[in-house]
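S.K.: Need coordinates for the below:
(chains A and B)
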Amino acid sequence: MKATKHLLPILGAILLAVSPHLFRLPSWIVIWCLAFWAYVLAASKNNWYRPGRTMLVVLTIGGFIGGLATYGFRLNLDTGVGLLAVMLGLKPLEMNTHRDRMVTLFLVYFLVITNLLYSNNLVMSLFMFTSVLLATAVLIRINHPSGSFAANLRLSGVIMVQALPMMIVLFFLFPRIQGTLLGMSGQSIARTGIDDRLSPGSISQLVLSDEIAFRAEFKNKIPGPDRLYWRGIVFKHFDGRTWSRGQTLPVRQVALSAGSTVGYTLTLEPQGEKWLFALDMPITSPPMARMQNDHTLMAYRELKARIRYDVVSQTTYNTGDFKSEERTALILPAQGNPKSTALARSWADTFDSPEKIVNQALEFFRQNDFVYSLNPPMLKEDAIDDFLFKARKGYCEHYASAFAFLMRKAKIPARIVGGYQGGELNPYGNYLIVRQSDAHAWVEVWLSTRGWVRIDPTSAVAPERIEQGFEAALPAEELERFLLLKHFGPLQSHLKKIIFRWDAANNYWNQWVLGYSYWRQRELLAKIGVNIGSWKGPVKLILLAFGLISFFAFLISRRFFKRPDAKTDDVQQFYVKFCAKLTRVGLTRKPGQGPVDFAKRAGDLRRDLKVNICEISELYVLLRYARGGDANALKKFKERVKEFDPKPII
Amino acid sequence: MKLLSFKLFSKGPTSKPFITLPFTLNRKSIYILPTRHGWVFILILLAMLIGSVNYKNNLGFLLTFLLGGMVFVSIFHSYRNLLGMQILTVAAQPVFAGDRAVFKFSIRIKEPARAAVAISLPNAEKIVQDFDANTDNWIRIPVAANQRGIFRPGSLLIVTQYPLGLFRAWSTIRLDAQCLVYPRPLPGPLTTADDAGAVNGEEGRDIPGAEDFQGLKSYQQGDPLGHIAWKALSRGQGLFTKMFVAQAGSTAILDFDALYEPNTERKLSRLCDMILQACSQNLVFGLQLPGKVIDPNRGEVHRQKCLKALALYARPDTITLNEHKQNKKNVL
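M.R.: Here you go, the predicted structure:
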């Protein structure tokens, strides 16, 4: 009977904790869990058969093997979660003892944390708090079966709120590390993002993804869309079809001649790669990364978690002299693409300056009916020739690739830059949201007077792409593949507002909580004078955390443990005052003399005061010894003591 | 609060004096340590922490520290659940050896109300219950009392695992709970000192019963209420007790030395039985124990006096209840 009483709340807690997993788990495990839970629930109501120990062992072993087999006997996070779910499916079948119930709830807490390894955003954070609230309420219920569930929930909330200060202190002060602890970082999430190879189709496939790549918050005015080129990776090596990165070297100082600078903070979603994004051209590098000689930022380690970093960029710049190691920007495969080669050579012969050649190439794109499209025809061998002279339909990577090829053939150093272009302004947070669909590729050519100069051949074909994003640039029939807000007609503006507000909330949460890292901690602690690098840092950190937690503990204990008999104390205090007043006129209470005795003696000695003394003493005895008397009596007692003003006899 | 206090240097429980009632559970008397489940949960939290560090999962950190904080806060809640509980009195009615002595505690609770507090005495089932605030609660704990004499059940243990079951707050209160235990009555014939033999069944019929009214005597304190001559009283003649026939010419003396029993305890048990018989027959009887003589008399007070003498016979180590009360008064 008692077990039944606990069953429903425990099942509720499990169900909530497992809910985000339901779509990830293999369907048989979902059915397995739901079926067993439904059975247990029905069995407890109708007194049906409960499986015995042997049956449970058989089921457990069977479930485990089934689970392992489903995941191909690989031990990773997915398998772990699967097996945990299998176990939690069975656990309610044997919940007869207090121990069983406690263990089940511990598993529930564990289940909550496994969810967080799959995704962590604002929704998951809310889920986490809700789930902990419910699980704790059930835990309280187990330990206090006679209370009402509403009271359990309330207490759970109280404990949670009281735990928040400690949580915050530990969260910000607990030392973060740079690498991984156990050498594992096996987060199995496949993330979309810019690849380290650029081939036809590699960017256009990202357009289908609505995922956020990063958010950028500007300290001052946000630059115009034609300046919002987010540099990530530079492709220098071309094999006739695919561009790859080639060698880069870290540099200490970036020499850019003066221009206007812009500072901003970027919150980058994890992509599992090393490159960081920054506005053309970054001049500072955040602490977790190094500047490369191609003006990209390369992190020391792969980015498995959301990070936040500050960068300063220069939107007008001159990169200066051509460096010897940049000669690779002229190398092309000897064979292939004869038509394009001929075209480029003819430009090189005709025009006397590289600027004119660049303009001619852009003009070529503008005048030959090139189409900006997400689904270009397949390119055959000699892909550049095929694109430039036959297909003439492509996405930004096609244009960038062909343009860079033409430039190199015309003896102008050229390279492709991969990253993002543009971004959506969130008016509720004054920051830009850059999505995977903003992925872009453009070209940089080296001109003797200006250094590396950004040329975006896509803008020649579809200038709307740069000004308004890819939606504006694509033909209408291709857009039908997307679920766009446009389709919502008049609701559009309202929806947009909600989406922006939600994203702003996410952004704040990311900034303060989810994007917190070793580097942010270092920065934060440096502000309060703790240098984490030196040996003193950790000591100070521990002392600080300890001090703050003790302080909160003190606050809680003060609230809890204020003397429960404050009323009596009050009474005592006033009686002491009364005695002091009598002492002034020579009537001293002997040690150990009772209040009644004392009142009698004092009254006999000072008949003029007898009435007052007796009244006060009677009230005192009533309040203190009989523990009777209400608030009125207490009030009266205090008043009488205050009024009592014995004069010495002259 | 003593979180981890191992009593390494204490002199052992016997050397500590009894506490005096009323006793309020204070900071010095409450101990708190994780339960087994608490240790398991702390291990789970450690695993969560390692996982969060490894995966650099900030939400994982947040969850781990939230749960850690909640465990920490729960210590205060457990602690508060006991703090300020006040044990006002403890009392137990005398019982016969082999019966269960019922110790009745009165416990006063001040704000806030207490939940799921377990109260127990050694070798007794624990009582788990909630306590309302600002009322006096009565707790009855039955404990088997096997030996005659003064039964001291030992220290009162008050435990709570509320609210999360992860910490156990407890207090051991060395209060001097006592219960007078009479010898277990051993059935047999009623033997008196003067006839030195068994008052056997046949002769027993000759012993006048309570029904045989003899006359009135003036009331003495201790006379059974049922024997008061109410009619005489209503007539305004004063308070009289109806006299019934007692043993002819004399009173029964229950003599320890006159009993043919193999050992002291059996003798005491027999005497106990005989006292009960004598009382039920309303005999005037006296008791002779080596070193102690109780003059013949009858009534409830006399009965208790005799039974108590049996209970405490040759138990010099136990101070009597009265003496103890006297001591307590001196202390106060």
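S.K.: quick one: what helix or strand has A:Met298 in it?
M.R.: Using DSSP states H and E, A:Met298 maps to strand A:297-299.
S.K.: do that strand and chain B meet at all?
M.R.: No: for strand A:297-299, no contact with chain B is found by CB under 8 Å from any CB of the partner chain; the gap never falls below 12.9 Å. Where you see a C-beta, it was placed from the backbone N, CA and C, and this is true even at glycine.
S.K.: C-terminal to that strand, what's the next element?
M.R.: The helix or strand immediately downstream of strand A:297-299 is strand A:307-314, counting by DSSP H and E.
S.K.: Count the neighbours of the residue of the stretch 151-300 of chain B found nearest chain A for me.
M.R.: Nearest residue of the stretch 151-300 of chain B to chain A, counting by CB to the nearest CB: B:Gly165, 4.1 Å away. B:Gly165 is flanked by 24 other residues according to other CB atoms under 10 Å in any protein chain shown.
S.K.: mind listing what the closest residue to it other than its chain neighbours touches?
M.R.: What sits nearest to B:Gly165 in space, not counting adjacent residues and going by CB to CB, 6 or more residues apart in numbering or on different chains, is A:Asn143, at 4.1 Å. Listed by CB atoms under 8 Å, 6 or more residues apart in numbering or on different chains, the contact set of A:Asn143 reads B:Ala116, B:Gln161, B:Tyr162, B:Pro163, B:Leu164, B:Gly165.
S.K.: Please apply the same query to A:Asp438.
M.R.: A:Asp438 touches A:Ala213, A:Tyr420, A:Gln421, A:Gly422, A:Gly423, A:Gly469, A:Phe470, counting by CB under 8 Å, 6+ apart.
S.K.: With neighbour count and distance to B:Leu268 added, can I get these in TSV?
M.R.: Formatted as TSV, the contacts of A:Asp438 follow (neighbours: other CB atoms under 10 Å in any protein chain shown; distance: CB to CB, whole Å):
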residue	neighbour count	distance to B:Leu268
A:Ala213	28	94
A:Tyr420	25	100
A:Gln421	23	105
A:Gly422	22	104
A:Gly423	21	99
A:Gly469	18	104
A:Phe470	26	105
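S.K.: Of these, which belong to helices?
M.R.: A:Phe470 (DSSP state H).
S.K.: and the residue of chain A found nearest chain B, how many residues sit next to it?
M.R.: Using CB to the nearest CB, the closest approach of chain A to chain B is made by A:Ala163 at 3.0 Å. A:Ala163 has 24 neighbouring residues, counting by other CB under 10 Å.
S.K.: mind checking the SS state of it?
M.R.: Per DSSP: H, G, I helix; E, B strand; the rest coil, the secondary structure class of A:Ala163 is helix.
S.K.: quick one: low-confidence ranges for the stretch 451-600 of chain A?
M.R.: Residues of the stretch 451-600 of chain A meeting the criterion pLDDT under 70: A:476-489, A:561-569.
S.K.: Now look at the strand or helix carrying B:Phe41 and say if it contacts chain A.
M.R.: In the assignment (DSSP H and E), B:Phe41 maps to helix B:36-55. Yes: against chain A, helix B:36-55 shows contacts by CB under 8 Å from any CB at B:His37, B:Val40, B:Phe41, B:Ile44, B:Met48, B:Ile50, B:Gly51, B:Ser52, B:Val53, B:Asn54, B:Tyr55.
S.K.: which one among the residues you listed gets closest to B:Arg303?
M.R.: Nearest to B:Arg303 among the residues of helix B:36-55 next to chain A, counting by CB to CB, is B:His37 at 52.7 Å.
S.K.: Tell me how many other residues crowd the closest one.
M.R.: Residues lying near B:His37 (other CB under 10 Å) number 22.
S.K.: residues in contact with it?
M.R.: A:Arg99, A:Met102, A:Phe106, B:Gly165, B:Leu166.
S.K.: switch the cut-off to 10 Å
M.R.: Shown in contact with B:His37 (CB atoms under 10 Å, 6 or more residues apart in numbering or on different chains): A:98-99, A:102-103, A:105-106, A:139, A:143, B:161, B:164-168.
S.K.: Quick test: name the residue nearest the centre of chain A.
M.R.: Central residue of chain A (CA atoms, centre = their mean): A:Leu514, 2.5 Å from the mean position.
S.K.: What does that residue show for phi and psi?
M.R.: The phi/psi pair for A:Leu514 (degrees, to the nearest 10) reads phi -70, psi -20.
S.K.: check contacts around it.
M.R.: Shown in contact with A:Leu514 (CB under 10 Å, 6+ apart): A:120-122, A:124-125, A:267, A:269, A:305-308, A:506, B:57-59, B:62.
S.K.: pLDDT below threshold where in the chain?
M.R.: No chain specified, so I'll use chain A. A:1-4, A:179-192, A:253-255, A:258, A:476-489, A:561-569, A:626-630, A:650.
S.K.: my bad, chain B
M.R.: Across chain B (using pLDDT under 70), the flagged ranges come out as B:1-16, B:192-228, B:240-250, B:316-332.
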